[in-house]
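Trainee: Coordinates for the following, if possible.
(chains A, B, C and D)
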Protein chains: 4
Amino acid sequence: MALKRILLKKERTVLVDGRVRVLSDFEKYYIDPSKDFHSKYGIIRKEDLQKKAGSIITQDKEEYTILDADFIDDYKHIRRLAQIITLKDIGAIIANTGITRSSKVLDAGAGSGALACYIGMIAKKVVSYDIDERGLETAKENVKNLVLKNVAIKKGDVYDSKQISEKGFDVFVLDVPQPWKAVETAKKALRVGGFLAIYLPNISQMQEFVKALPEDSFLIENTIEVIEREWAVDAKRSRPATKDFGHTAFLTFARRIR
Amino acid sequence: MALKRILLKKERTVLVDGRVRVLSDFEKYYIDPSKDFHSKYGIIRKEDLQKKAGSIITQDKEEYTILDADFIDDYKHIRRLAQIITLKDIGAIIANTGITRSSKVLDAGAGSGALACYIGMIAKKVVSYDIDERGLETAKENVKNLVLKNVAIKKGDVYDSKQISEKGFDVFVLDVPQPWKAVETAKKALRVGGFLAIYLPNISQMQEFVKALPEDSFLIENTIEVIEREWAVDAKRSRPATKDFGHTAFLTFARRIR
Amino acid sequence: MALKRILLKKERTVLVDGRVRVLSDFEKYYIDPSKDFHSKYGIIRKEDLQKKAGSIITQDKEEYTILDADFIDDYKHIRRLAQIITLKDIGAIIANTGITRSSKVLDAGAGSGALACYIGMIAKKVVSYDIDERGLETAKENVKNLVLKNVAIKKGDVYDSKQISEKGFDVFVLDVPQPWKAVETAKKALRVGGFLAIYLPNISQMQEFVKALPEDSFLIENTIEVIEREWAVDAKRSRPATKDFGHTAFLTFARRIR
Amino acid sequence: MALKRILLKKERTVLVDGRVRVLSDFEKYYIDPSKDFHSKYGIIRKEDLQKKAGSIITQDKEEYTILDADFIDDYKHIRRLAQIITLKDIGAIIANTGITRSSKVLDAGAGSGALACYIGMIAKKVVSYDIDERGLETAKENVKNLVLKNVAIKKGDVYDSKQISEKGFDVFVLDVPQPWKAVETAKKALRVGGFLAIYLPNISQMQEFVKALPEDSFLIENTIEVIEREWAVDAKRSRPATKDFGHTAFLTFARRIR
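Mentor: Numbers count the residues shown, from 1 in each chain, chains lettered A, B, ... in the order given. From the prediction side, this is the model:
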């Protein structure tokens, strides 16, 4: 993947009902600087797109700023087959299991590889399983595009512990419909003291998981829901955004104790 | 710091109003295995405390499990002069700024060094400033105990950009009362495209910060509040925990664009 | 207004991707039983619509249930010029100010008269002011349709205490952009001990109101935000609804003390 | 019960670490004006306590304001055997079922009679059942003290429809551990179109209720959780209160359709 860049365009002042209204929000584009960029306001040529980060590009009276894409920008634009895990839940998984640059992390189902890619930028090693061929292909493409040499996407069913060969892992994240079927795998793959993180949309499923987890092998640390509330704050007002802050999932963290 | 261990004791069955009641929660102790441990149930000898992780220790009819302390355990027991930043907010800062193992992170005020220590386990380099002597001492002690060679605790006032020499940083986290006074420092210390993260308890202060941030140098990405809600889930019931889930802070993420 | 009725139609089983899927939700129609009702499934004749509450009507293989409309059904279908106050906020106003059937309640701005109509079904007397002609007309129409003889919709500017003649009221609800301009009116209209309820979308406005309220005349009881979270619960799963639960407003309750 | 009054004392300015700090909060006492009141600051004589509402009483250099107790003040001080239902949940029940001054409301278990007393101030008639003798006694005392002639507290088990004789009620509020056992009673006591409101702390219990409710007799409208968040707002700052905003219960509203 060619290195991407971020093109910002500050909104113009506009006339609304006869009054000049300053639109201070930025429009943000994630672009390939090796090609001319066609916006609704006109064409920006690749020579301009390759200027130094922070440069101002003026085109047809419109002003743009060009930046390098960071990992977080690339991450937000990875290929996806379905909804990917939110940043709020990724942050919670990292902070509750203590993932660091020396961690070995196992994850299933891989989905589009979003979590594997994100954790791969932090941890030492990530192995991500799925059984869906299309997902595996997308996940592998994302790993390749982000040049993550420490992330392996593998085909395998975590409900069958024989299909998973990993051992001594620090963290195992399960985002599968029936995580109770993967407890044997978790016991095999995690080192003693390692964390099992369960991601499930329904609290009723989470209760089923908690019921099924063997107390002599795992210690449940906590079950949480992380709610991220966006605020609209500007020079004149401050209030919660009126838009959606929908539910994603509940998270349970358990620890292998034996 | 000697390596610490975690000692778990499964609660006994107890008689409540004539009925046997199984208390399935664990008591968790963070201990120094080079000394005998005195619990309220009796003494556990250091020979036992040095057994392999996952071993069961039986003492006075009580059963314990011994584990190695992970980073997250050590982190939860660092020295603190006051309330330290919560894991929910650390997770949000990491996930919203895209901190990875190649990131260089600047942070002020250091406080007890909690954020610096946590990020130090992930990022390439962390520099943390404060002006309070007692805080600096505690922060340095925590960095030393966690053997974080990539974390520097420095004395300096971030409101005065001349006191801060760092340049080209990827992320700058400001947990100070008047972050608007550190905007010049942020502009100097961050690379173009780098993230400024503001942590403030009051939304009124955040509005003051948003008002003061120069639009030609910084792009505000979002202002959020992260609410972590704990659930009580067991075999029989599932409901939000009745205990406190108090407010900590609002977070604003902005990006240096020039 | 002719008495309205509620027509419920239980959803059919449908074929989705070759599988039979039972849709157990009801479709709900608020109808005028003096006319035939044209649904997308066919016509239901007025003779059927006038059957006893709870009767089943079968039409073109579809099954319907007919009910009388309650006040709450009529309320949900009042005429509106803009978004009306939510039931969650109405409930909070009633419960925090202790509105009972002996209360006299003043309210501004009337808007479409929604709050006035709702409170009018509970309280002894409601007077609702607005300055907008179109709103006043709509509010009066709603009051008439709901046959609320104890609700008066009046034209007047609550920012000017001379325009409001009411005295000795128990509760005064202010849903206006600059409630600090109506403090003099509140002092005049409320009895000593009476409640002032302020409804404002922005917390920054609320802070401005709190700053402006004279401490020697009013005691602030509390400032709250009421969040109503809908859950999807059925035989198989339970989880928060993924849809929107947006912000409406903050509420401050104060009491006239002198 | 003698009529009660509210005595407010504005906090003094105090010295904190050598600085004068103005404490602007009020201390609030719910008092019997027929007796002298002994505060920690001295004695206020009954002659003063009987002054007109809004009067200032000066005693030992301290300044007090005297008010009449409203229903909401009396309500907040009713006798209670255990935690009573919160105002946020009462408001939600009223607003979701459309209780008005013409409503007939049935309720069980009565507990200390809190909900019955509150609704009794609004509705035409309230009948409240419980099986616990001590609760019944307390509830009856509260009803008597608040002079609620339209509220009847009765002994009876709502799990047994034969014990409940009421018919044609508009709303039936169930705050009992196993509401699914009271479905037959609900069907008997509610008119067609009437509302059944279920109050349960655990979502797992609510799911059990939803599963058990016969679809041919009841239509489930919604399941909600109401969260009331208190804010600390003053001249200088605005932020969510750091104190507890614990979970109370989930509410499900269903309607008898046949």
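
Trainee: For chain B, see how far away A:F172 is.
Mentor: According to Cβ to the nearest Cβ, to the nearest Å, A:F172 stands 14 Å off from chain B. All C-beta atoms are positioned from the backbone trio N, CA, C, and that covers glycine.

Trainee: Confirm for me that A:D157 is in contact with A:G109.
Mentor: No - shown here, A:D157 and A:G109 do not form a contact pair, counting by Cβ atoms under 8 Å, at 9.5 Å.

Trainee: if I look at the two, which residues touch both of them?
Mentor: Residues touching both A:D157 and A:G109 (Cβ atoms under 8 Å, 6 or more residues apart in numbering or on different chains): A:Y129, A:I131.

Trainee: Look up the closest residue to A:S204, ignoring the ones flanking it.
Mentor: The shortest distance from A:S204 to any non-neighbouring residue, by Cβ to Cβ, 6 or more residues apart in numbering or on different chains, is to C:S238 (4.6 Å).

Trainee: my guess is the one you found meets D:N202, correct?
Mentor: No - under the criterion of Cβ under 8 Å, C:S238 lies out of contact with D:N202, with a separation of 10.0 Å.

Trainee: who has more neighbours, the two?
Mentor: Set side by side, C:S238 and D:N202 show more neighbours around C:S238, with 24 against 21, by other Cβ atoms under 10 Å in any protein chain shown.

Trainee: hey, what's the more buried one bridged with?
Mentor: When bridges are called by DSSP bridges, C:S238 pairs up with C:V233.

Trainee: Just the pLDDT for it.
Mentor: What the model reports for C:S238 is a pLDDT of 92.

Trainee: How far does stretch A:50-60 sit from its chain's centre?
Mentor: 29 Å (Cα atoms, centre = their mean, to the nearest Å).

Trainee: What is the neighbour count of the nearest residue to A:Q163 once chain neighbours are set aside?
Mentor: Once flanking residues are discounted, A:Q163 sits nearest to A:G156: 4.2 Å by Cβ to Cβ, 6+ apart. A count of nearby residues for A:G156, using other Cβ under 10 Å, gives 20.

Trainee: so what strands line up beside the helix or strand A:A254 falls within?
Mentor: Counting by DSSP states H and E, the element that carries A:A254 is strand A:250-256. Take DSSP bridges as the rule and strand A:250-256 pairs in its sheet with strand A:190-200 (antiparallel), strand A:218-233 (antiparallel).

Trainee: so what's A:I224 up against?
Mentor: Applying Cβ under 8 Å, 6+ apart to A:I224 gives the contacts A:A92, A:N96, A:F250, A:L251, A:T252, A:F253, B:E228, B:R229, B:E230, B:W231.

Trainee: so A:V171 sits in a strand?
Mentor: Yes - A:V171 sits within a strand when classified using DSSP: H, G, I helix; E, B strand; the rest coil.

Trainee: State the distance from it to A:A123.
Mentor: Per Cβ to Cβ, to the nearest Å, A:V171 is found 8 Å from A:A123.

Trainee: Same check on A:S204?
Mentor: 31 Å.

Trainee: tell me which parts of chain A are close to chain D?
Mentor: Taking Cβ under 8 Å from any Cβ of the partner chain, the part of chain A that reaches chain D is made up of A:I203, A:S204, A:Q207, A:S238.

Trainee: got the residues you listed as JSON lines, with distance to B:K46 columns?
Mentor: JSON lines is the format used below for the residues of chain A next to chain D (distance: Cβ to Cβ, whole Å):
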{"residue": "A:I203", "distance to B:K46": "43"}
{"residue": "A:S204", "distance to B:K46": "45"}
{"residue": "A:Q207", "distance to B:K46": "40"}
{"residue": "A:S238", "distance to B:K46": "55"}
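
Trainee: Do you have the helices of the stretch 51-200 of chain A handy? List them.
Mentor: For the stretch 51-200 of chain A, applying DSSP state H, counting those that start in this stretch gives helices covering A:71-76, A:87-97, A:114-120, A:133-145, A:183-189.

Trainee: Tell me which of these is the most buried.
Mentor: helix A:114-120 (a mean of 27; mean count of other Cβ atoms under 10 Å in any protein chain shown).

Trainee: Dump that helix to PDB, restricted to CA.
Mentor: This file holds the C-alpha atoms of helix A:114-120, laid out as PDB (Å, rounded to 0.1, in the frame of the first residue of the first chain):
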ATOM      1  CA  ALA A 114      -9.300  -4.800  13.000                       C
ATOM      2  CA  LEU A 115      -8.500  -5.800  16.500                       C
ATOM      3  CA  ALA A 116      -5.500  -7.900  15.400                       C
ATOM      4  CA  CYS A 117      -4.100  -4.900  13.400                       C
ATOM      5  CA  TYR A 118      -4.600  -2.500  16.300                       C
ATOM      6  CA  ILE A 119      -3.100  -4.700  18.900                       C
ATOM      7  CA  GLY A 120      -0.300  -5.600  16.400                       C
END
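
Trainee: Return the residues in contact with the closest residue to A:R80 other than its chain neighbours.
Mentor: Among residues not flanking A:R80 along the chain, A:S112 sits closest, at 4.4 Å (Cβ to Cβ, 6+ apart). By Cβ under 8 Å, 6+ apart, the residues touching A:S112 are A:I78, A:R79, A:R80, A:L81, A:A82, A:I84, A:G135, A:T138, A:A139, A:N142.

Trainee: which pair in those residues spans the largest distance?
Mentor: Pairwise distances across those peak at 13.5 Å for A:A82 and A:N142 (criterion: Cβ to Cβ).

Trainee: Pull the residues that contact stretch A:230-244.
Mentor: Counting by Cβ under 8 Å, 6+ apart, A:24, A:229, A:245, B:203-204, B:206-207, B:210-211, B:222-225, B:250, B:252, C:201-205, C:225, C:243-247, C:250, D:238 sit against stretch A:230-244.

Trainee: Go again with 7 Å.
Mentor: If you take Cβ atoms under 7 Å, 6 or more residues apart in numbering or on different chains as the criterion, stretch A:230-244 is touched by A:229, A:245, B:203, B:206-207, B:210-211, B:222-225, B:250, C:201-204, C:244, C:246-247.

Trainee: Run the chain-centre distance for that stretch.
Mentor: With Cα atoms, centre = their mean as the basis, stretch A:230-244 stands 24 Å off its chain's centre.

Trainee: A:G111 contacts A:R134, correct?
Mentor: No - with contact defined as Cβ atoms under 7 Å, A:G111 and A:R134 do not form a contacting pair (10.4 Å).

Trainee: Quick one: mean pLDDT for the strand holding A:A254?
Mentor: Average pLDDT, strand A:250-256: 97.

Trainee: distance between that strand and the chain's centre?
Mentor: How far strand A:250-256 lies from its chain's middle: 19 Å, per Cα atoms, centre = their mean.

Trainee: Pretty sure A:V176 sits against A:A182.
Mentor: Yes - A:V176 is within contact range of A:A182, at 6.4 Å (criterion: Cβ under 7 Å).

Trainee: Of the two, which one has the most company?
Mentor: A side-by-side neighbour count of A:V176 and A:A182, using other Cβ under 10 Å, places A:A182 first with 24 against 21.

Trainee: Let me see the contact set for the residue lying closest to that one once chain neighbours are set aside.
Mentor: Distances taken as Cβ to Cβ, 6+ apart place A:V158 nearest to A:A182, at 4.5 Å, with adjacent residues excluded. The contact partners of A:V158, by Cβ under 7 Å, 6+ apart, come to A:A108, A:Y129, A:I164, A:V176, A:A182, A:T185.
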